[in-house]
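1. Quick check, what structure comes out for this input:
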Amino acid sequence: MYKILVYSGGVYRFDEVLECVEDIGGIVLKKDELNISRGSYFISQEVHVIIVNPEEGLDELKKIAADLEGDIEELNIDDEIRIAVVSILPVYNLLSKANKWVDVKYLEDTIECPCLNGVCKEFNDISCLENLEKTLNDMCRMEIAEKRTLSNVNEYRIKASQ
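-> Numbers count the residues shown, from 1 in each chain. The predicted structure follows:
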């Protein structure tokens, strides 16, 4: 089962959180950095991220967050949104492995159901293929993936890190 979490903490050693999430099969959906100041005085810098993480790795992630004096909070959201968010994982994995522009047909042919990540089993055998186009468009909107159209065919890839 996957958990949707929010991590809040300082930017110092934040790369350890990202590395942990990657190592245990999770994904960072959104990252915001905040600078807190009073008048012209800089007080602190914080990072807030939304993470989709396997339940099995939650203890390890919480330990790292505690070491960094950060907070991990589980988001309670309805099933429809949970399905949409967790469905990103198998698509993200395929796009990462492809490491090039791919079309929807490639993804449809490559996605295995039940998914290796167990997403289908978690949601009563709902297939990741059911809303593949919506998932891809959501990933583009969240700036996880990018889209281009060549010869009237939409192609997708993981967005390059800035």
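2. Neighbouring strands of the strand ranked longest in the chain in the sheet, and parallel or not?
-> Taking DSSP state E as the criterion, the chain has its longest strand at strand 41-54. Looking at strand 41-54 with DSSP bridges, its partner strands are strand 2-10 (antiparallel), strand 27-38 (antiparallel).
3. Now the element after that strand, going C-ward?
-> helix 58-67 (DSSP states H and E).
4. can you list contacts of the following helix or strand past that next one?
-> Counting by DSSP H and E, the next helix or strand C-terminal to helix 58-67 is strand 71-74. Under the criterion C-beta atoms under 8 Å, 6 or more residues apart in numbering, residues 3, 4, 5, 6, 7, 8, 9, 58, 61, 62, 65 lie in contact with strand 71-74. For the C-beta atoms, the positions are set from N, CA and C on the backbone; glycine is no exception.
5. From these, list just the buried residues.
-> Neighbour counting over these (16 or more other C-beta atoms under 10 Å) leaves 3, 4, 5, 7, 9, 58, 61, 62, 65 as the buried ones.
6. I'd assumed residue 46 was in contact with the fourth one.
-> To tie it back to what came earlier, the one meant is residue 7. No. Using C-beta atoms under 8 Å, residue 7 is not in contact with residue 46, being 10.3 Å away.
7. nearest residue to residue 147 other than its sequence neighbours?
-> Closest residue to residue 147 apart from its sequence neighbours, by C-beta to C-beta, 6 or more residues apart in numbering: residue 140 at 5.0 Å.
8. Might you report the residue contacts of that neighbour?
-> Neighbouring residues of residue 140 by C-beta under 8 Å, 6+ apart: 146, 147, 156.
9. Kindly report the same for residue 69.
-> Listed by C-beta under 8 Å, 6+ apart, the contact partners of residue 69 are 9, 10.
10. now residue 61
-> Going by C-beta under 8 Å, 6+ apart, residue 61 touches 5, 7, 17, 20, 21, 24, 26, 51, 53, 72.
11. Swap in 6 Å and give it another go.
-> Counting by C-beta atoms under 6 Å, 6 or more residues apart in numbering, residue 61 touches residue 20.
12. okay, it: pLDDT?
-> pLDDT for residue 61: 93.
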